[in-house]
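K.L.:
show me the folded form of this:
(one chain, ligands or ions: 1)
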Amino acid sequence: MMGVGKAIAHSNIALAKYWGKADAVRNLTAVPSLSLTLAALRTVTTVRFDDSLAQDQLSLAGESVQGRPLLRVSKLLDSVRAQVGVTTRARVESVNDFPTAAGLASSASGFAALAMAATRAAGLELPLAQVSALARAASASAARSLFGGYVSLGARAESAERVAPGAAFPLEMLVAVTVSGAKETASTDGMGHTRDTSPYYAAWVESAPAVYEQVRAAVLAADFEALGPAVEHSALAMHASMLAARPALIYFAPATLRVMERVRAFRKSGGRAYFTMDAGPHVKVLVEPSAAAELEFELSKLEGVTQVLRSAAGPDASWVEP
Ligand code: DP6
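P.N.:
Below is the predicted model:
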């Protein structure tokens, strides 16, 4: 029965980073990763299978979208269609309820919500782990957005799994959105380029599992002082592999470094906060809830920071009534 499905998924930020593929065709990751799902960054997606459509249609925030994003959506829909043995095309509508800045991890929540909505619209009620595998094939970080709290995706793993609920270790994330001049390279392309040209890629892949284990152990022990330095190291080691690519992949903007400097100064003055960043210039800062408001205010005053979003841990992805 092909019909309508609607779902909500939250974005996630990796504390131990994924960068690199073990299998590009199946989109299996070369390193294990671990993330925190964010309550404040949410995507709502509706999928409507419709016999009258000649091809799939995609709208993001009400704007019709073609090209590569539509192809990625169609590929996910194709695997759902294959599972139920139909060819019906679908209309996909997706909306982020957070201010969308370039590179702000909307593909993670987007493909997680799409996988949830599409399976429901196709009449499937799959366990979250199976929906996670579907999302992972589209974008590996999306596999983690099916689960709330702290979530891991093993190297070469089909699906993500929960490590700990958010309430077991209540931290918050500040997302400092920065202005950027350069057009960013998409993650998939950036990973291929790093693997092909960076002499540090092999060292990154070799060293990432031990850092992941440190992050995982610190999350399970709810030990912020062990977690924070490992989180910063994971992000900086990943960026070191990108910086050594030819030509270099530079995601840092001037304001990126300003935020990092501010976080380090905050620590020097006795505060506890640690930064991470992804394939974009924005900086995400992990902080204890009691210090979040003060640091949010400080970061928002920095030159080149356009806004600061604040989020606690988010829940599992879920279906809603269309
Ligand atoms: C830097 O999940 O966007 O955010 O699987 O090619 O779609 P694809 O890549 P994607 O990469 C995310 C990379 C990262 C780190 C992370 O989220 O682990």
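K.L.:
this structure against the ligand: which residues are in contact?
P.N.:
Contacts of the chain with the ligand, taken as CB under 6 Å from any ligand atom, map to 14, 17-19, 27, 33, 107, 139-141, 187-188, 278-279. Yep, even glycine has a C-beta here, placed from its N, CA and C like the rest.
K.L.:
biggest separation within the residues you listed, which pair?
P.N.:
Greatest spacing in the residues of the chain next to the ligand, by CB to CB: 27 and 278 (17.2 Å).
K.L.:
this structure: strands as residue ranges?
P.N.:
4-16, 21-23, 28-29, 33-49, 57-60, 63-65, 90-96, 150-153, 161-164, 172-178, 273-277, 283-287, 305-312, 318-320 (DSSP state E).
K.L.:
buried ones in stretch 50-57, by neighbour count?
P.N.:
Neighbour counts over stretch 50-57 (16 or more other CB atoms under 10 Å) mark 56-57 as buried.
K.L.:
er, stretch 33-49 I mean
P.N.:
33-49.
K.L.:
ok, the spatially closest residue to residue 171 that is not a sequence neighbour - how many residues close by?
P.N.:
Spatially, and ignoring its direct neighbours in sequence, residue 171 is nearest to residue 286 (5.6 Å; CB to CB, 6 or more residues apart in numbering). Around residue 286 there are 23 other residues, counting by other CB atoms under 10 Å.
K.L.:
residue 286 pairs with what?
P.N.:
For residue 286, the beta-bridge partners under DSSP bridges are residue 173, residue 274.
K.L.:
wait, what's in contact with it?
P.N.:
15, 36, 171-173, 227-228, 231, 273-276 (CB atoms under 8 Å, 6 or more residues apart in numbering).
K.L.:
report the distance from stretch 4-13 to the chain centre.
P.N.:
12 Å (CA atoms, centre = their mean, to the nearest Å).
K.L.:
and for stretch 286-299?
P.N.:
Centroid separation for stretch 286-299 versus its chain: 22 Å, with CA atoms, centre = their mean.
K.L.:
now swap in stretch 229-236 and tell me
P.N.:
16 Å.
K.L.:
ok, and for that stretch, which residues are buried?
P.N.:
By 16+ other CB under 10 Å, the buried positions in stretch 229-236 come out as 230-235.
K.L.:
ok, and the closest non-adjacent residue to residue 27?
P.N.:
Take residue 27 and drop its neighbours on the chain: the residue closest to it by CB to CB, 6+ apart is residue 137, 5.2 Å away.
K.L.:
so for that neighbour, what's the pLDDT?
P.N.:
Note for residue 137: predicted pLDDT of 98.
K.L.:
would you agree it is in contact with residue 79?
P.N.:
Yes - between residue 137 and residue 79 a contact is recorded at 6.8 Å, counting by CB atoms under 8 Å.
K.L.:
more crowded one of those two?
P.N.:
residue 137 (20 against 15).
K.L.:
contacts only, for that one.
P.N.:
If a contact means CB under 8 Å, 6+ apart, then residue 137 has 26-27, 75-76, 79 as its contacts.
K.L.:
what two of those residues are the furthest from one another?
P.N.:
Greatest spatial distance among the contacts of residue 137 (CB to CB): 26 and 76, at 13.5 Å.
K.L.:
in PyMOL, select just the buried ones from the contacts of residue 137.
P.N.:
Selection of buried members from those for PyMOL, criterion 16+ other CB under 10 Å:
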select buried, resi 27+76
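K.L.:
and which of the contacts of residue 137 is nearest residue 322?
P.N.:
Residue 322 has its nearest neighbour among the contacts of residue 137 in residue 76, at 18.4 Å by CB to CB.
K.L.:
quick check, pLDDT for that closest one.
P.N.:
Looking at residue 76, its pLDDT reads 98.
K.L.:
hang on, it packs against residue 115?
P.N.:
Yes - using CB under 8 Å, residue 76 is in contact with residue 115, at 6.3 Å.
K.L.:
spit out the residues that contact the two alike.
P.N.:
Common contacts of residue 76 and residue 115 (CB under 8 Å, 6+ apart): 134-135, 138.
K.L.:
same list (the residues you listed) but as TSV, adding neighbour count.
P.N.:
Shown next, in TSV, are these (neighbours: other CB atoms under 10 Å):
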residue	neighbour count
134	26
135	33
138	21
